[in-house]
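Undergrad: Kindly generate the corresponding structure for this input.
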Amino acid sequence: MADRYDDLERRFGISSYASPHDGFAAVVKARYSDFIVHEVDVNGNIARLEGLETPNSDKAETPKDADGKTESATIIGDGNPKKRKLDESADGSTATTNAIEKSSTTTDWDSGKAELTKLLGEETSQEVISFLQSNDETPNTKADKKFYTLPLITDKQIRRSIHVLIKSPVLSSVARADNHDGRIRIWHVNFLKDMPADTHVNGRGVGDNRNNINRKNTNGKGGKGGRAVWPKDRPDFLRFVLYKENVDTSTATKDIVRIGRLNPKRGVSYAGMKDKRGVTSQFCSVYRIEKEELLALNANKGGNSGGGGNTSTRGFNVIRLGNFHYSSDEVKLGTLAGNRFDIVLRNVDVGDVPGGSDKATHVKCTLEKASKALQQVGFINYFGMQRFGKSNDTHEVGIAILKGDYEAAIDIIMREKADEQMPRVVSARKAWASRFDSIDVANDEDAAKDAEMKCARSILNELGRFMGSEKSSRVFWFNKVASYRIETGGSTEVRVGDLVLIEDASLAEGGSGTSGLKGKKVKTVEEPDIERGVYDISQVVLPLVGSKISYPKGACGEKYDELLKQDGIDKSAFERIGTIDREIALGGDYRRLMCKPSDVSFEIKSYTDPVQPLVKTDLMNVNGTELAAATISTDKEVHDADTDMMEDNLVGLVIGFTLPPSSYATIALRELTKRPTSSEYQGKLQLSGKCEGNID
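TA: So this is what the prediction gives:
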């Protein structure tokens, strides 16, 4: 019944399967927490959030360095080495040091008042806390009193200590401070937008204002405004696990920079981007930052339920940080071995039960065969439909660019599109389509140019950026040739004329990481190689076309020539485009034909609520949340209890596997289920009743 939904994928070369097992219908990504991803680093370590510290957590500890020592940065004065450190108050006591140390473990109002009292006295500190509490409990962005002005303080050391305290986790989640007419004003964070840009000291929640606490040079020599001196025996990077729900990596790291008030130029380093629609854990690092500066994320960013995949279908955006430790190694883009996936498939329907069998046996047999085929054979390493854009036309743009027809490329990008849903984008496309309506283009070229430029400028911000379209054409041709190779040569054996990857240096070994030609070397398979069984199917690659790659011999090489000719492309175009604009130069690359997941596991679930959680997220494990769904035994023997549950309840599948970089979990699921990956098909499926009941 799903055949007609395969047509779109076939247009983009996604037309074959690697193994002949029977498929089944199931709903994928009904909830964002049905798609759980754990990053795997180059040493095989899996990113998992194993604990959760908050600013007021009793478990909060200073992270250890490589030698197991616990260290903390020392904050010194305004650059004069003869002046006292900030850990000494005006009378030589260590009151402020205690405040800073305590701030790493406490953020309650009592602690805030206690530390303020040491600096301001009982009456003033109570007024400050009352002001902050009133705005925190009943937020009113139009309130008359948006800040509290402290009495005049002449002692510079106390003034400095107040700013440090406001910036610390004790009060940073609710307060900021600035200087005005010689006095300190304490603002509630609800009114940051009203703070004058030239007076704030602790930042306005955006970027990293380091006027008073500057980490650009942490050499211990002091400097203007005071600096954090990084201990010489502590590694430079704070590494941690970023756990997020329903938010992409780019947005999450910007939140970390904003809330932690980090230097946006350095930002947060990570190995790979993780999508919004899922629950993901990945390794990150920041340069010379204390853990305590980031713990506010564990209190500030999350929904009412605390996340954990246990929310509604839409859910909340959740960010949590954990597993802190110091390291000499920065997390760098591309330094990952792959990703571990745990994916929920709901309302599984394996079709009619054959005669002489029962539903429980049929379900177990079908799902086991599909899972084992995925483990033993793998899947064709197609590029997924997401690589062709929302309107499935980025490859057309790429082909136009390679042909040097930039006008056609712009027309494809800017044309009105039936599936466009954002009103502002729809309006922008209509404006572009009508840019010449009042112009006699044939007789007034200058007016036409002016009208086009004016229109382009007016809609520039509405359409965003269009980059990488020339690479989408390579993806299109790869998929086409991959299907041809599987259809003519099978998915298990190496053939004469195939290209095999014989060298693939990692990033650490001087290679190019997840993509690029650097460190890669291929060989054309010959008859003696087949006879000796030198290579296997996992080594077979196909080129992503470019000026520096080799093509397979025989039928697959001819297929590339045929496809390029159909689209009006000569191989010389790849060299020519690099001389015109290095930004879109195409040297080429190689991609494996087949991908075989590792560590494949599967569990059959019986459940009653169509959207109840069927797999635990890291945060659910940390919080001790239990699942209500029952796990069906996968033993050969069918138990009466299994039969009863499958007859009366919904059936789900939790499939787990690990994939290398540059491979798609959605394509693995396509192989597993033998069903299309398109949103059009998935949108027709039902979470209860007959899964494909709406498919005609």
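
Undergrad: for stretch 573-591, the distance to its chain's centre please.
TA: Centre-to-centre, stretch 573-591 and its host chain are 28 Å apart (C-alpha atoms, centre = their mean, to the nearest Å).

Undergrad: what's the span of that stretch, first residue to last?
TA: 21 Å (C-alpha to C-alpha, to the nearest Å).

Undergrad: Need the residues that contact that stretch.
TA: Residues from elsewhere that reach stretch 573-591 (C-beta atoms under 8 Å, 6 or more residues apart in numbering): 381, 401-404, 470-471, 474, 478, 499, 501, 515-517, 520, 522, 541-549, 662. Quick note: C-beta positions are derived from backbone N, CA and C, even for glycine.

Undergrad: Stretch 677-691 now?
TA: With contact meaning C-beta under 8 Å, 6+ apart, stretch 677-691 is reached by 2, 5, 8-9, 14, 25-30, 346-349, 384-385, 610-611, 650, 666-667, 669-670, 675, 692-695.

Undergrad: Identify those among the residues you listed that sit within helices.
TA: Here DSSP state H is the test, and the contacts of stretch 677-691 give L8, E9, T666, I667, L669, R670 as lying in helices.

Undergrad: I'd assumed L374 was in a helix, is it?
TA: Yes - assignment of L374 by DSSP: H, G, I helix; E, B strand; the rest coil places it within a helix.

Undergrad: now the closest residue in space to K674 that isn't next to it in sequence: how far from S438?
TA: Counting by C-beta to C-beta, 6 or more residues apart in numbering, K674 lies nearest to G23, which is 2.4 Å off, once chain neighbours are set aside. In this structure, G23 and S438 are 56 Å apart, going by C-beta to C-beta, to the nearest Å.

Undergrad: do S15 as well
TA: Distance from S15 to S438, by C-beta to C-beta: 47 Å.

Undergrad: swap in I577?
TA: For I577, the distance to S438 - C-beta to C-beta - is 36 Å.

Undergrad: who's more crowded, those two?
TA: Neighbour comparison, I577 and S438: the larger count goes to I577, with 21 against 8 (by other C-beta atoms under 10 Å).

Undergrad: Of the contacts of stretch 573-591, which belong to helices?
TA: I401, L402, E470, K471, R474, F478.

Undergrad: which residues does the last one contact?
TA: Remark: with contacts taken as C-beta under 8 Å, 6+ apart, F478 is in contact with G13, F383, L542, P543, L544, R591.

Undergrad: Mind picking the two most distant members of the residues you listed?
TA: Longest distance between any two of these is 14.5 Å, between G13 and P543; criterion C-beta to C-beta.

Undergrad: Can you identify each of the strands in the stretch 401-550 of the chain by residue range?
TA: 499-504, 520-524, 540-544 (DSSP state E, counting those that start in this stretch).

Undergrad: Report the residue spans of the stretch 451-600 of the chain with pLDDT below the cut-off.
TA: Where the stretch 451-600 of the chain drops to pLDDT under 70, the residues are 461-470, 506-515, 583.

Undergrad: K113 versus G121, what's the distance?
TA: Computed as C-beta to C-beta, the G121 to K113 distance reads 11 Å.

Undergrad: of these two, who's got more company?
TA: K113 (20 against 11).

Undergrad: who's in contact with the nearest residue to that one once chain neighbours are set aside?
TA: Once flanking residues are discounted, K113 sits nearest to I129: 4.7 Å by C-beta to C-beta, 6+ apart. Contact analysis of I129 by C-beta under 8 Å, 6+ apart lists W109, G112, K113, L116.

Undergrad: Quick check on I129: phi, psi?
TA: When read as degrees, to the nearest 10, the backbone of I129 gives phi -60, psi -40.
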